[in-house]
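Asker: quick check, what structure comes out for this input:
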Amino acid sequence: MPDGTLARTEVVVTDGVTIGRPCCGVPQCKNPLENNHHRFCSVDPDHKKLETTCAIEGCNCPVTRDSKSGKYRKACDDPVHVKMEGANVESLCSGKSKTQCQKVAKLDNAMSSLDPPQLPADLTVALPIQDGDEWYKHDAQTGAVCLVRPAVMTSTGVLDTQPEMSHPAVDCESKDTPPKLKAIFRRQRTNNEQLVVRPCGVINGHGTMYHHETVSNVLIMIEQLYSLPRARKPQHLIYDSNCNALREVLNQCIKFFDGMGMCIDAFHHKNKHKASDTFCRDRCDMKAYPELLDDNGKYYFNSSIAKQTNVWFGAFHNICREMTPASIPITHT
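Answerer: Numbers count the residues shown, from 1 in each chain. Down below sits the predicted model:
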């Protein structure tokens, strides 16, 4: 420590990497698919029945056959639903699938945290997009249907560019605004693998995030991992969204994290979190903990090790993307 005293400090860093495999399209369902070409599992009869039901959210009509090919559609005979399926097929032919965008975005985000000398010139200012829900926009006048993919920055915490909330009567959308049309035409994939890495680079554990990498899921994973027999709870957990995770811990009174430092990666804390967020600055800054600094006041531990590991780990995406859960070795480590 900077004052010359000695102390034992164990640190772990966690971050997610996109190694998505096919999974059931019903949220929170962890049952494996009977076949990787299916969209829903066969373990639950209600989920299996969805294979022959219109893919548009809220429609329970059965699917119909295509008059030209004779094959079953994934939509009913509603003209708008048929056009939505056509827009989905067109997006697949363009090569800009959600999975490809997600893979490139998260890999770029991981590389952006490395030191500038290690990066190619075209990646030093990369600002990739975050996973977003797709929906379909229908123009009632022309009858046209198009697929919409929102572009959201990957910055964690609160963005400086986030608009301030004004009067609710001004900001709320009109009640006449039509609801977004959503559908499950394609196989759903797990969102990411959440790695827990020691500063030396050893992967200490992992968890599969099926639909979203929420801070509550990360906290549950950390608690389960270090509650195993003979497991030692670390003194510090470093995570890009630890300001939100710490708020969750305080609001839910989660006793497991008592006495554990919850800091944000030094790169993210400096560049991707709002400077006016006093809670984040006071409670999640690595500089507030002397045991995390060396004699010169610099960071003793590599807080970006998880993202650096993700660059290597992400190379296995093309190998694992079509595997079943039983075929992916990491799911059993």
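Asker: where does pLDDT dip in the protein?
Answerer: The chain contains residues with pLDDT under 70 at 1-4, 94-133, 150-178, 326-333.
Asker: where along it do the strands fall?
Answerer: With DSSP state E as the criterion, the chain has strands at 11-17, 22-23, 135-138, 145-148, 188-189, 192-197, 203-209, 236-239, 261-263.
Asker: got TSV for the ones you listed, with distance to Pro229 and mean neighbour count too?
Answerer: Any C-beta I mention is one placed from the backbone N, CA and C, and that applies to glycine too. Listed next are the strands of the chain as TSV, based on distance: least, CB to CB, whole Å; neighbours: other CB atoms under 10 Å:
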stretch	distance to Pro229	mean neighbour count
strand 11-17	18	25
strand 22-23	29	22
strand 135-138	46	17
strand 145-148	49	16
strand 188-189	33	20
strand 192-197	17	24
strand 203-209	14	18
strand 236-239	20	26
strand 261-263	24	21
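Asker: what's the closest of those strands to Val311?
Answerer: Among the strands of the chain, the nearest to Val311 by CB to CB is strand 11-17 (8.6 Å).
Asker: and stretch 232-240, end to end?
Answerer: 22 Å (CA to CA, to the nearest Å).
Asker: meant to ask about stretch 267-285
Answerer: 11 Å.
Asker: what separates that stretch from the chain centre, distance-wise?
Answerer: 21 Å (CA atoms, centre = their mean, to the nearest Å).
Asker: which parts of that stretch are buried?
Answerer: Using 16 or more other CB atoms under 10 Å as the test for burial, stretch 267-285 gives Phe267, His268, His269, Lys272, His273, Lys274, Cys280, Arg281, Arg283, Cys284, Asp285.
Asker: ditto for stretch 36-54
Answerer: Buried residues in stretch 36-54 (16+ other CB under 10 Å): His38, Arg39, Phe40, Cys41, His47, Leu50, Glu51, Thr53, Cys54.
Asker: so who does the residue sitting nearest the centre point of the chain touch?
Answerer: The structure's the chain has its C-alpha centroid closest to Glu213; by CA atoms, centre = their mean the separation is 4.1 Å. If you count contacts by CB atoms under 8 Å, 6 or more residues apart in numbering, Glu213 has them with Gly16, Asn191, Asn192, Gln194.
Asker: please tell me I have it right and the second one contacts Gly207.
Answerer: Right, the one you point to is Asn191. No. Using CB atoms under 8 Å, Asn191 makes no contact with Gly207, being 11.0 Å away.
Asker: format the buried residues of stretch 36-54 as CSV; extra columns: distance to Pro27.
Answerer: Formatted as CSV, the buried residues of stretch 36-54 follow (distance: CB to CB, whole Å):
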residue, distance to Pro27
His38, 16
Arg39, 13
Phe40, 12
Cys41, 12
His47, 11
Leu50, 12
Glu51, 17
Thr53, 16
Cys54, 18
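Asker: restricted to helices, list those.
Answerer: Within the buried residues of stretch 36-54, residues falling in helices by DSSP state H are His47.
Asker: tabulate the contacts of Glu213 (JSON lines), appending distance to Glu134.
Answerer: Listed next are these as JSON lines, based on distance: CB to CB, whole Å:
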{"residue": "Gly16", "distance to Glu134": "20"}
{"residue": "Asn191", "distance to Glu134": "14"}
{"residue": "Asn192", "distance to Glu134": "18"}
{"residue": "Gln194", "distance to Glu134": "23"}
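Asker: thinking again about what came up before, can you redo the strands of the chain as CSV with distance to His317?
Answerer: What follows is those, written out as CSV (distance: least, CB to CB, whole Å):
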stretch, distance to His317
strand 11-17, 8
strand 22-23, 13
strand 135-138, 26
strand 145-148, 23
strand 188-189, 11
strand 192-197, 10
strand 203-209, 14
strand 236-239, 22
strand 261-263, 29
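Asker: quick revisit: any idea which of the buried residues of stretch 267-285 is closest to Lys30?
Answerer: His268 (29.7 Å).
Asker: and the furthest pair within the contacts of Glu213?
Answerer: Pairwise distances across the contacts of Glu213 (CB to CB) peak at 9.1 Å, for the pair Asn191 and Gln194.
Asker: now for the two: what residues contact both?
Answerer: In contact with both Asn191 and Gln194: Gly16, Met209, Glu213, using CB under 8 Å, 6+ apart.
Asker: which residues touch the second one?
Answerer: Contact analysis of Met209 by CB under 8 Å, 6+ apart lists Gly16, Thr190, Asn191, Asn192, Glu193, Gln194, Asn217.
Asker: ok, what's across the strand from it?
Answerer: Asn192 (DSSP bridges).
Asker: need the contact list for the spatially closest residue to Arg198 that is not a sequence neighbour.
Answerer: Nearest non-adjacent residue to Arg198, counting by CB to CB, 6 or more residues apart in numbering: Asn204, 5.4 Å away. Asn204 makes contact with Val12, Val196, Val197, Arg198, Leu225, according to CB under 8 Å, 6+ apart.
Asker: from Leu195, how far off is Asn204?
Answerer: Using CB to CB, to the nearest Å, Asn204 is found at 8 Å from Leu195.
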